[in-house]
Structure formats: C-alpha cells, structure tokens
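[1] I need the structure of the sequence given here:
(chains A and B)
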Amino acid sequence: METAMQIRNYLEAKYSSTRKGIRLNDNTLLLEEKIIDSVGVLELLFFVEETFGIEVPEEDISPDHFGTISKLALYIDSKQKQPVS
Amino acid sequence: MQTKTIRLVQDILQQNVAEHPDKVALICDGQRLTYSEIDVKANRLASALCSNGVQRGNRVILYMLNSVELVVSVFAVLKANAVFSVIDYATTLDKLSFIAADCTATALITHDHQVELAMHLVHQVPSLRITILTGPAVALQTMSDSSIFSFEAIQTNFPPEPPLPTTLDSDLAYLLYTSGSTGEPKGVMTTHRSSLFAIEIAIEYLGLTADDIVASPLPLSYSHGFNQLLKTFRSGATLILESSFAYPALTLKRMETEHATRFAGVPTMYAILLRLNLSRYDLSHLRHLSSAGAALAPSIIQKIREKIPQASLYSIYGMAEASNALALDPTQIGLRPASVGKAFPGTEVWLVDEDGYRIGSNQIGELVVRGGHVRCGYWNDPETSALRFRPGPLPGEIVCYSGDMFRMDEEGFLYFVSRADEIIKSGGKKIAPKEVENILYSLNGVLEVAVVGVPDPLLGQVVKACVVLDQRLDPSLTAQDILDYCHQTLEEFMVPRQIEIRASLPKTPSGKIIKTDLA
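    Numbering: from 1, shown residues only, chains lettered A, B, ... in the order given. The predicted structure follows:
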C-alpha cells in the first residue's frame, strides 16, 4: 500500500532511531507505544496535509484516523477519493 | 458524621467515599468511576502489593500514560504505606533504569505493551521484585514468571479492604523525578504533609468547589498535572483526565459534553488550542484556565482572553521542589502579562543576590520560597539537596532556593528572567543543556559544544546546539551526522532543532562559554 509506505518512511526517518526495540508496523499503536507524542501528532498532521494535499478537519484528528499507520492510510485514501467541493 | 482529619494523601479518597461515594470522581479512557469504585480498586491493589512483600516506605514505579489504572495505582501504593513515583511515559529505558536503581524500587506497574521494557528493567535493577501489568489478564496466563501480576486479575483475586495504615504525615508520599543541571534525574521527596499543604493553598486561592469539573491532559508525572488530580479529589469534584493532548479536538468535545468548568495546561497546549476553531465548541461552562511549566507569551495570553473570554486565566509558577509557588491573579494578567504574580497566600517568597542577601525591586536575583509546600530534599543526593534546600529563618526550617532568576516590580509582582542553571523548557518538558552537551561530546570529531534554548512559537523553547568540530579527528563530520547521532541517543524532545557549526565559541577571559551570545 503506497500511502502506508510513505507514512512509515516518514515515521521511520523521524523516529525509529530513537525508538530502539520497538517494531514499527502498520498496526503499531503510535501514541500508546511511544512512537509519537502530542507534538508528534501535530507534526504528522502537517506531513499528511503537505504530502497528500488534503485538508484534515480538526475533528478528524483522532485515534480512529491517526492511531496507527494503517488507519491513517485508509483515511488519506478515502479523503483523496472524495470530490473537491 | 464526624469528619476524619485529612493527614495523609489517601485520606482524601476516603473522605469522598464517606461523603459522596457514588459521585463521579474520574472520567478517563471512556470510563466513569465513582469515588467508591476507585477506592475499592485501590484497596485491592494495595492488598496485592502488601501480600507480595511491599513494605512501609518501599518505592513503587508507576510508568503509565494517564489512565484509570494510574490513578488507582497512586492511591493503592499510598494505602500500602509505600511511596510512589510516576515516571514520564517518554522516559527512555536507560533513564528509567537509572531512576529505578536510584530509588531502589521494589515494584513496577506499567502497561502490558511495555512487557519487554519491564523485563529489561527487572534484569537491570535487582531491587525490583514485583511487576504488575495492566491490560487483559489473559495475555499473562502464558507467562510463567511468578513475579509478574495482572492488574485486572488482582481486581478479582484480592480483598476490597485496605491494609492497615502505618504511614505518618511526615513520611514520604511520592518521589517526583525531575531533570537537573547535571543531567541525571533527581527524585524530589514529597511528604504527605507538604503535598496536602500545596493543594490546600491552591484550592483556596483558585476557589475550587465540589461542583467543579476539571479537564487536564497534563501527565501525572508532572507536578502541575499531579496537583490537578489531588486538588480535584480534595475538593470532591470531578476530573476529566486525558491520556494526552494528542487529539485536542476530542479533548474540547469532551469538555463540551461534560460541561468542564476548568482546564489546566502548559503554554504549548494553549498554542495548540489557539490553532483550533474554538467557536465550534460550547465551552460556556468554562470559568478557569491555568497555565504552568513556563511563562505564557503575552501574545498567547491576549489571544486566549479573546477566544475564551468567559474564563479567568491564571498563570502559575511552580516546581517539583516547591509546588504552587507563585500565581498571577486574572485581574492582573491584562495589566502585566509578563509577570507570574506573587506568592500564594500562606506562603512567602523573596529574591537574593549571589551572596544570599535579600534584594529590592527592579534587581535580578534568585527566588527563595518559604512555606509548607517546600519539599524536603532530593532522594539519595544530599549534596544537591544542600544547594537547593537550605536552612530557613527558624531552627529546623527548610526554604527552597529555586535556581530561577526573577525581577520584582515596585508592587511586588515577579517576572521570570531565566533558570540559574539554564534549563531549557520545551513543550512543558525540562531539558538540561548539560545532558545534551554530554551526548554531543561523546561523538568523535566534536571539539566543543554549547547547548542553549531558543524561542519557538509552539514549544516555548527548542534546543539549539552550537558545535565546534575537530577536523583532525573526523574531517567528514557534518551537521546532519550530528543530528543523526542525537536521534539515536537522545529522547526525541531533547534532539536539537538547530545545529550551528561554528569556528569557535564566545568565551569570558576565564574561559567560560558565554551562552547568552548563542541563543
């Protein structure tokens, strides 16, 4: 899945070296398993908006969409399929 | 009914159980727990700790995100007559090992997905005999280690009555580990008496009542965060405890649904809040906001007052060593937004010069704090304790030399100038420049380093490292290499956001680096 890979690459480049011993896969709980913190979520949001050209409404910044790589990839793909209003 | 005297921190819980057992005390993780439910859970866990060898005064590490289990554990450890230490969830294994060894912890309570970390810790710290993991009990059935227990199973296997209390009010309630100028965390020793005094003065000053609903995303490992729990429970109010501030829109939605009357944050959280469209949330019940951890920028203060005009904003200055030291009254915040106010009523502060003499207005000096909220020293560190906690005016009294430099205006309002030991405050976290410098110095090819904090609109401050290279040792070393090395060795919030390669560092005639020229 292209989107998931891009997110994973971003997180690995930014965090994996400081998160030794933690296996980052598409279902890793990003917050609970200490991959990212509150500020990290915000930085991930900036990355998503810039890389995928979508606007994320603030109510969508939730564990349902940002909790894991796979959830976020699904969310981005669904947003990209929506017609631009 | 005769009211029991509140001598110990855990008495707060018991008083609420006596007065309103079915009142919702905690809203967290999608759960609503009454005072009675928390009390029973804490009693069962306390029984389990005692049954497995935790004794009076033993230290128990709580390494968890804000959660129901963390709140229960805090009271359970106290009911077991032991001492807890809530450790920041971002803490690395190395630092956690240091802390557990430093306080010779007997037990560790953490989340089940930290099982590998827990196992590492048990091997590294011989005093650790008991590990309790939250999460589904089923997962633990496959583990044969008899020193590992399930938080969930304890809730069915142990009695709901508390162990016999043997703690005195002059005993320690908790150790709050904080970064220091040396870089090694120091455990601030807090007695029951001091902890209760600090929250009593805050409740009185801030006017908390049983009708309040307090929202806090601050970690309980942080002094101001932990105080939210105790203040709320001491008032018989309700706490909305957020596991983090990662999803601020959800926090706001919960505050709307639950009719939150108070919100406690740090400047970074307010900066994030102001990015949101606050008009989309009904925050009409919100009456009080508080900010601590670092000075709120006047521009942020102005925007908060514009966007949340119905709420009074309290700017609070405190530290692990003397919680709730200063507060700026909301009536003053428009007049002097750069100030952090005056001492809390019932306490006293003054400024001293380098020789320890009291100074007057418009001079810069170190803040000294006097009152029952002053803690009693650093665990296992008499040398540093003697610097920070010194004899007060009365025999046997201790006052706190804060290590923070302030200026006082003619009306007695105080203005933070800098940390005497130059600690960097980034996103509510403290970073000792020395710790980052020590790491950079360990990199081959680095000749000289100075780490300073530079202003950042989101985090308050971020780390900047000024580096002089030794081309002979490693002619190919680049700023990117240094950054990569930092990512490998430092916690993320400590990693420099700016690396400046310099030919030399500015120095005094005696050879001391002039850091003010580098920020």
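
[2] gap between whichever strand or helix holds B:H224 and the chain center?
    B:H224 is located in helix B:223-234, with elements delineated by DSSP states H and E. The chain centroid and the centroid of helix B:223-234 are separated by 11 Å under Cα atoms, centre = their mean, to the nearest Å.

[3] Work out the sheet partners of the following helix or strand past that helix and label each with its direction, please.
    Counting by DSSP H and E, the next helix or strand C-terminal to helix B:223-234 is strand B:238-241. Applying DSSP bridges, strand B:238-241 is found paired with strand B:24-28 (parallel), strand B:213-216 (parallel).

[4] which strands and helices sit next to the following helix or strand past strand B:238-241?
    Note on strand B:238-241: by DSSP H and E, the next helix or strand toward the C-terminus is helix B:248-258. If contacts are counted by 3 or more Cβ pairs under 8 Å, 6 or more residues apart in numbering or on different chains; DSSP states H and E, helix B:248-258 sits against strand B:213-216, strand B:238-241, helix B:267-273. All C-beta atoms are positioned from the backbone trio N, CA, C, and that covers glycine.

[5] what residues does helix B:248-258 touch?
    Contacts with helix B:248-258, where a contact means Cβ atoms under 8 Å, 6 or more residues apart in numbering or on different chains, come from A:58-59, A:61-62, B:27, B:213, B:215, B:217, B:238, B:240, B:242, B:245, B:260, B:263, B:269, B:272-273, B:276, B:278, B:281-283, B:286.

[6] Okay, now the sheet partners of the next helix or strand after it, with direction.
    Sequence order places strand B:262-265 as the next helix or strand after helix B:248-258, per DSSP H and E. Paired neighbours of strand B:262-265 in the sheet (DSSP bridges): strand B:213-216 (parallel), strand B:288-291 (parallel).

[7] May I have strand B:262-265 as PDB, with CA atoms only?
    What follows is strand B:262-265 as a C-alpha-only set of coordinates in PDB (Å, rounded to 0.1, in the frame of the first residue of the first chain):
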ATOM      1  CA  ARG B 262     -11.700  24.300  34.400                       C
ATOM      2  CA  PHE B 263      -8.800  23.500  32.100                       C
ATOM      3  CA  ALA B 264      -5.200  23.000  33.200                       C
ATOM      4  CA  GLY B 265      -2.400  23.200  30.600                       C
END
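
[8] hmm, back to that, and the contacts of helix B:248-258, which are buried?
    A:58, A:61-62, B:27, B:213, B:215, B:217, B:238, B:240, B:242, B:245, B:260, B:263, B:269, B:272-273, B:276, B:281, B:283, B:286 (16 or more other Cβ atoms under 10 Å in any protein chain shown).

[9] can the strands paired with strand B:238-241 go into a markdown table with extra columns for distance to B:R358?
    Below are those laid out as a markdown table (distance: least, Cβ to Cβ, whole Å):
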| stretch | distance to B:R358 |
| --- | --- |
| strand B:24-28 | 44 |
| strand B:213-216 | 36 |
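
[10] Could I get the ones you listed in CSV, plus columns for mean pLDDT?
    What follows is the strands paired with strand B:238-241, written out as CSV (pLDDT from 0 to 100):
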stretch, mean pLDDT
strand B:24-28, 98
strand B:213-216, 98
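
[11] in the stretch 1-150 of chain B, which segments are predicted with low confidence?
    Within the stretch 1-150 of chain B, the segments meeting pLDDT under 70 span B:1-3, B:137-146.

[12] meant to ask about the stretch 401-519 of chain B, not that
    In the predicted model, the stretch 401-519 of chain B carries pLDDT under 70 at residues B:421, B:471-473, B:507-512.

[13] Shouldn't B:P455 be within a strand?
    Yes - judged by DSSP: H, G, I helix; E, B strand; the rest coil, B:P455 forms part of a strand.

[14] In contact with it, which residues are there?
    For B:P455, the contact set (Cβ under 8 Å, 6+ apart) comprises B:Q461.

[15] Could you pull out the buried residues of stretch B:106-122?
    If you call a residue buried by 16+ other Cβ under 10 Å, then stretch B:106-122 has these buried ones: B:106-115, B:117-118, B:120-122.

[16] In contact with residue 41, which residues are there?
    Picked chain A for this. If a contact means Cβ under 8 Å, 6+ apart, then A:V41 has A:30-31, A:61, A:66, B:246-247 as its contacts.

[17] My question was about chain B, not that one.
    Contacts for B:K41 (Cβ under 8 Å, 6+ apart) come out as B:33, B:72, B:76, B:155.

[18] what's the spacing between the second one and B:P136?
    This points to B:V72. 17 Å (Cβ to Cβ, to the nearest Å).

[19] higher neighbour count, these two?
    The residue with more neighbours, out of B:V72 and B:P136, is B:V72; 26 against 13, by other Cβ atoms under 10 Å in any protein chain shown.

[20] so which strand or helix has the closest residue to the more buried one other than its chain neighbours?
    Excluding the flanking residues, the one nearest B:V72 by Cβ to Cβ, 6 or more residues apart in numbering or on different chains is B:K41, at 4.5 Å. If you go by DSSP H and E, B:K41 is part of helix B:35-51.

[21] Now find how far off-centre that helix is within its chain.
    Averaging C-alpha positions (Cα atoms, centre = their mean) puts helix B:35-51 24 Å from its chain's average.

[22] Tell me the residues of the stretch 101-250 of chain B that contact chain A?
    Contact residues (Cβ under 8 Å from any Cβ of the partner chain) of the stretch 101-250 of chain B with chain A: B:111, B:113, B:116-117, B:217, B:243-250.

[23] Which one of these is nearest to B:G396?
    Closest approach between these and B:G396, by Cβ to Cβ: B:P217, at 39.5 Å.

[24] surely the closest one meets B:S244?
    Yes - between B:P217 and B:S244 there is a contact under Cβ atoms under 8 Å: 6.0 Å.

[25] anything in contact with each of those two?
    The contact sets of B:P217 and B:S244 overlap at A:38, B:66 (Cβ under 8 Å, 6+ apart).

[26] need the contacts of A:V41 in TSV with distance to B:I300 and pLDDT, can you?
    Shown next, in TSV, are the contacts of A:V41 (distance: Cβ to Cβ, whole Å; pLDDT from 0 to 100):
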residue	distance to B:I300	pLDDT
A:L30	28	89
A:L31	25	86
A:I61	21	90
A:F66	25	94
B:A246	20	89
B:Y247	21	91
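
[27] any idea how far the spatially most central residue of chain B lies from B:A105?
    Compute the mean C-alpha point of chain B, and by Cα atoms, centre = their mean the closest residue is B:Y222, 1.2 Å away. As judged by Cβ to Cβ, B:Y222 and B:A105 stand 19 Å apart.

[28] just B:S290 next, same as before
    Distance of B:S290 to B:A105, computed by Cβ to Cβ: 31 Å.

[29] Output the contacting helices and strands for the helix or strand containing B:I99.
    Using DSSP H and E, B:I99 sits in helix B:93-102. On a contact count with 3+ Cβ pairs under 8 Å, 6+ apart, helix B:93-102 meets strand B:59-63, helix B:115-124.

[30] Reformat those as JSON lines; add distance to B:A327.
    Shown next, in JSON lines, are the helices and strands packed on helix B:93-102 (distance: least, Cβ to Cβ, whole Å):
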{"stretch": "strand B:59-63", "distance to B:A327": "28"}
{"stretch": "helix B:115-124", "distance to B:A327": "38"}
